[in-house]
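A.B. asks: Build me a structure from this.
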Amino acid sequence: VYLIDTVLHVDKDKEKETDMDNKRMMLLAVVAATLVPFAIAHMVDYQKQSFGIGGKSRTKLQASILRRFLNLNETVRQQLDHGSVIAAMTHDADELVACGFLTLMELAHSAGKLLMV
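C.D. replies: Predicted structure coming up:
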């Protein structure tokens, strides 16, 4: 609304050269205020690929599951289904990191976009 009503509205009777220069500067400011947050969000998305957050979290979670399994009493360990432990370390840890932790990262990213606007 500000862009249309103030910056792009031209009143030929009242417009002076200084007003036109002032409107050009306001237009550049509006364009910059629109494009800069998207550029920052793009750079963060691009850099997110090299953060390694998912791999480190998955490794830590798998190591914790294995440590917990090895610290169990021998009789309890024999009663436990080994397939469940393997599934927890391979499939469930991946799913938890992808659907749980990394979703929080997406939420933080979206909140950052909202703050920029």
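
A.B. asks: ok, now which ones touch R77?
C.D. replies: Going by CB atoms under 8 Å, 6 or more residues apart in numbering, R77 touches F69. In this view, the C-beta of every residue, glycine as well, is placed from N, C-alpha and C.

A.B. asks: From the chain's centre, how far out is the strand or helix carrying it? Work that out for me.
C.D. replies: Using DSSP states H and E, R77 sits in helix 74-79. In terms of CA atoms, centre = their mean, to the nearest Å, the centre of helix 74-79 is found 42 Å from the chain centre.

A.B. asks: Can you report how many residues lie near the closest residue to L61 other than its chain neighbours?
C.D. replies: Counting by CB to CB, 6 or more residues apart in numbering, L61 lies nearest to A93, which is 4.7 Å off, once chain neighbours are set aside. Here the count is done by other CB atoms under 10 Å, and A93 has 20 residues near it.

A.B. asks: and what of the one 5 residues further on?
C.D. replies: The tally of other residues near A98 (other CB under 10 Å) stands at 13.

A.B. asks: And stretch 69-85, what's buried?
C.D. replies: Neighbour-count burial for stretch 69-85, counted by 16 or more other CB atoms under 10 Å, picks out 69, 85.

A.B. asks: So what touches the helix or strand the residue nearest to L61 falls within?
C.D. replies: If you go by DSSP H and E, A93 is part of helix 93-96. Helix 93-96 is contacted by residues 58, 61-62, 65 when judged by CB under 8 Å, 6+ apart.
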